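Novice: test case, fold it:
(4 chains)
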2 protein chains.
Amino acid sequence: MGPSIYAIPLSGSSTMPRQLLTVDERRKLALIASIRRFSPGEFLFHEGEPATVIFNIIAGVAKSVSSLEDGRQAVVAFFFSHDLVGMFEASRYAQSTQAVTALTAYCLPIDALERMLRHDPNLQLHFLCKVSHELRAAQHQAIALGRYGALQKIGLFLDFLDRHPDMHTDDDDRITIPMDRADIADHVGLTIESVSRMLQQLHRTGVIQLDGRHRFRIINRCALNRLISGAMATDATLDAFIPEHNHSNGHTS
Amino acid sequence: MGPSIYAIPLSGSSTMPRQLLTVDERRKLALIASIRRFSPGEFLFHEGEPATVIFNIIAGVAKSVSSLEDGRQAVVAFFFSHDLVGMFEASRYAQSTQAVTALTAYCLPIDALERMLRHDPNLQLHFLCKVSHELRAAQHQAIALGRYGALQKIGLFLDFLDRHPDMHTDDDDRITIPMDRADIADHVGLTIESVSRMLQQLHRTGVIQLDGRHRFRIINRCALNRLISGAMATDATLDAFIPEHNHSNGHTS
DNA sequence: CGTCTACTTGAAGTGAGTCAATAATGGTGG
DNA sequence: CCACCATTATTGACTCACTTCAAGTAGACG
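Specialist: The predicted structure follows:
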C-alpha cells in the first residue's frame, strides 16, 4: 500500500491520531521507498552519521537513544508503526536509533523525499503535522520527566502502551510491553529497580495484572486514570482509590 | 523588515542557528502580518482556545505554560526573538502563552499563513525546519529534566541564556535573566528554593557572579562546561575544578 | 536440565522537597 | 528623597522518594 503516517491533524476537530496521507500520496511515496528489515538490537543509524534516509515504520518497535556524557543513556522516544524515524539536523542524525523488536520499515532517501516535498505542498504539510505531533509528545514527556513521581511516570507509560493499537496483539485485553525494564527506565528517567518496584506496586494494589515480563492487563482503569491525573503519588493514597482491594496481602507486616 | 525565523538548518553543515527566511519570504509574510505588543504577564493566548494566529517574536520574551492537574505549572518553553509561538493541534492552542517581559511580535493569521504555505513549498520547508529545531530542543529538555541533577539543570539553563544574543544587552559580558525564580523552577523541574540554592552555590564557588536578581556573569566558563557535561554533581567535586578560587570573599558579609 | 541474563526484592544512603523564617527588592506615597 | 510595604528571593532544618548497593529469583534459551 505504501508509507503511512498517523498523527492528530493541526486543523479539524479530531483529537485522535488518524492517517494523514491520501491514497495517492502513499502511492507516490512508495515509488521512492524501499523496504528494510532489522533484527532486535540492530541499529537503523547512529548519532552524528550523515543523514541519508528517513524510515517509516510498518511493523515493530524502535527506540531513539541519546548517550549522556557520563555513560548512561536516555531513550528519547519509542517509535511504532505509522511513525517517522530519522530526526536530523545539519545533515546528520540527531540520535542513534535501534530496533527494539523485529522491525519492518519503508526507507525513504532524504534527497528524493526533499524533492518530492518541494513539489507537493500538501504532502509536506502532512510531514509538518507529524513533526508537530512529535513536538507535543516530547513536551509532554518533558513535563512528565520533570514533575511526576515514579509511580505516576510508570502509570503514564503503561497508558502510553495501551494507546498503541500495535500493543494489543492478543485477542483479549492484554497489552504487550515490547521493551525491557532498562529501556523503560531510560525512557522515564528512573532506575531499573524503581521501574520494577512501581510495576509490582501497581500489580499488588490491583491496578494492573502483570503477566510475565512483557505483558500486562489493566484491571482498574479508573485508579490508573486518577494516578495519571496526578491526584496522588504515594501507595497509601493509591489504596484509597481502589474499591475492594484486599488489604491483608502486601504492605510489609 | 518582516517576520524572521532562526534555526539550525536541516541540510547544510552549519550547526549554529541562522536566518531561514529569504528577504522575499519575509516581505511576503509581512503582507499578512500585523504587529502586536504585550505587557509583562499578559497572555498571548490560552490553552484550548481556537487557534487563529501564530506569533513571531520581534523583541521580548514569552513563556508557554502548561497547568498540571494538581495546580502546579510547567513552563514548557521560553521564546525569544526570531521564534514562532502558537503551537496548536486539532485547531486549538496546546498551551497558554504569556509575555515574560514587554513583548513585540508579528501576528500571523493561521488561515492566511496556511494558504501561503500551500503555495510556497520552500517557505513551508523553513517552517518544517523551525518545528524540527523545537522538537530537538524539547527532546534535549526532556533528557535534562529526567536525568540531570539540580546543579546541572541550573548550569544548563544559564548556558541556554548565554546562547541567546538577546540576553547580552549590556556592553559588558553580563547576561540578563528575564524571568523570575518561579519561572526557572517551573521550567527545569525544581522548586524555587532549589533554584536559589544552586545559583548561590555557583556564585559561591566562583563559577558565576550574580549581579542582582536578573543579571549574572560567567566567571569560569570551563567549570560551567564541565558541569553541563555531567562529569560531577556535588559542590565538593565542583570546587576541585576551580583553579584559584578565593574562599575568603563571597560567604555573606 | 542447566546456565545466563533479566528481573525482583531488601536495606541503607542521599539529593531535592517541604516548611518556616529571614533578607533583599522594588514600587508607592509621605 | 526617603520610609514603608508587598513581593520575591535566600537560607536553614528536617523529611522522604528515589537511588545505590547487594542478594535473591524467575524466564529464556541452548
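Novice: all contacts plus neighbour counts: C-alpha atoms, from now on.
Specialist: Fine.
Novice: just checking, residue A:191 touches residue A:185?
Specialist: Yes: Residue A:191 is within contact range of residue A:185, at 5.3 Å (criterion: CA atoms under 8 Å).
Novice: which strand or helix spans residue A:106?
Specialist: Assessed by DSSP states H and E, residue A:106 sits inside strand A:103-109.
Novice: low pLDDT regions in chain A?
Specialist: Along chain A, segments meeting pLDDT under 70 span A:231-253.
Novice: got a list of what the residue nearest the centre of it touches?
Specialist: In chain A, the centroid-proximal residue (CA atoms, centre = their mean) is residue A:78; its distance is 3.8 Å. Counting by CA atoms under 8 Å, 6 or more residues apart in numbering or on different chains, residue A:78 touches A:61, A:62, A:63, A:64.
Novice: what's the next secondary structure element after the one helix or strand it maps to?
Specialist: Element membership for residue A:78 (DSSP H and E) is strand A:73-79. Per DSSP H and E, the first helix or strand lying C-terminal to strand A:73-79 is strand A:84-85.
Novice: okay, now the closest residue to residue A:109 other than its chain neighbours: neighbour count?
Specialist: Spatial nearest neighbour of residue A:109, chain neighbours left out: residue A:53 (4.2 Å); criterion: CA to CA, 6 or more residues apart in numbering or on different chains. The local packing of residue A:53 (other CA atoms under 10 Å in any protein chain shown) involves 22 other residues.
Novice: which residues does residue A:53 contact?
Specialist: A:86, A:107, A:108, A:109, A:110.
Novice: the residues you listed, buried ones only, as a PyMOL selection?
Specialist: Command for PyMOL that selects the buried part of these, burial taken from 16 or more other CA atoms under 10 Å in any protein chain shown:
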select buried, chain A and resi 86+107+108+109+110
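Novice: about what we covered before: distance check, the residue nearest to the centre of chain A against DNA strand C.
Specialist: 16 Å (CA to the nearest atom of the strand, to the nearest Å).
Novice: tell me what that residue is bridged to.
Specialist: residue A:63 (DSSP bridges).
Novice: and what of residue A:208?
Specialist: Per DSSP bridges, the residues bridged to residue A:208 are residue A:218.
Novice: where's whatever residue of the stretch 151-253 of chain A ends up closest to DNA strand D, which helix or strand?
Specialist: At 3.2 Å from DNA strand D, residue A:190 is the closest residue in the stretch 151-253 of chain A, using CA to the nearest atom of the strand. Per DSSP H and E, residue A:190 falls between elements, in no helix or strand.
Novice: could you check how far it is from residue B:145?
Specialist: 11 Å (CA to CA, to the nearest Å).
Novice: and chain A, which residues reach DNA strand C?
Specialist: Within chain A, the positions near DNA strand C by CA under 7 Å from any atom of the strand are A:179-182, A:192-197, A:199-200, A:213.
Novice: most neighbours out of the residues you listed, which is it?
Specialist: residue A:195 leads the residues of chain A next to DNA strand C on contacts (other CA under 10 Å) with 22 neighbours.
Novice: wait, doesn't that residue sit right on residue A:185?
Specialist: Yes: the pair residue A:195 / residue A:185 is scored as a contact, 6.1 Å apart, by CA under 8 Å.
Novice: between residue A:190 and residue B:145, tell me which one has more neighbours.
Specialist: It is residue B:145, of residue A:190 and residue B:145, that has more neighbours when counted by other CA under 10 Å, with 25 against 19.
Novice: and the closest residue to that one other than its chain neighbours, what does it touch?
Specialist: Nearest residue to residue B:145 in three dimensions, chain neighbours excluded: residue A:146, at 4.7 Å (CA to CA, 6+ apart). Neighbouring residues of residue A:146 by CA under 8 Å, 6+ apart: B:142, B:145, B:146, B:188, B:189, B:190.
Novice: tell me which two of those sit farthest apart.
Specialist: Farthest pair in the contacts of residue A:146 (CA to CA) is B:142 and B:190. Separation: 13.6 Å.
Novice: tell me the contacts of the residue of chain A found nearest chain B?
Specialist: With CA to the nearest CA as the measure, residue A:142 is the residue of chain A nearest to chain B, at 4.0 Å. Residue A:142 is in contact with B:76, B:138, B:139, B:141, B:142, B:143, B:145, B:146, counting by CA under 8 Å, 6+ apart.
Novice: please, which helix or strand holds the last one?
Specialist: Just to be clear, that refers to residue B:146. In the assignment (DSSP H and E), residue B:146 maps to helix B:121-147.
Novice: quick one: buried residues of the helix or strand just after that helix?
Specialist: Counting by DSSP H and E, the element after helix B:121-147 in chain order, helix or strand, is helix B:150-163. By neighbour count on 16+ other CA under 10 Å, the buried set for helix B:150-163 is B:150, B:151, B:152, B:153, B:154, B:155, B:156, B:157, B:158, B:159, B:161, B:162.
Novice: ok, which of the residues you listed also contact chain A?
Specialist: Residues of those in contact with chain A (CA under 8 Å from any CA of the partner chain): none.
Novice: adding distance to DNA strand D, write those residues out as a markdown table.
Specialist: Below are those laid out as a markdown table (distance: CA to the nearest atom of the strand, whole Å):
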| residue | distance to DNA strand D |
| --- | --- |
| B:150 | 13 |
| B:151 | 14 |
| B:152 | 14 |
| B:153 | 15 |
| B:154 | 12 |
| B:155 | 14 |
| B:156 | 16 |
| B:157 | 14 |
| B:158 | 13 |
| B:159 | 17 |
| B:161 | 15 |
| B:162 | 18 |
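Novice: what's the closest of these to residue B:35?
Specialist: Of all the buried residues of helix B:150-163, residue B:35 sits closest to residue B:161, with 25.5 Å by CA to CA.
Novice: wait, that closest one sits on residue B:167?
Specialist: Yes: using CA under 8 Å, residue B:161 makes contact with residue B:167 at a distance of 6.5 Å.
Novice: which residues do those two both contact?
Specialist: B:175, B:176, B:177.
Novice: and the residue lying closest to the last one once chain neighbours are set aside, what does it touch?
Specialist: Counting by CA to CA, 6+ apart, residue B:214 is the residue found nearest to residue B:177 once chain neighbours are left out, at 4.5 Å. Applying CA under 8 Å, 6+ apart to residue B:214 gives the contacts B:176, B:177, B:178, B:179, B:180.
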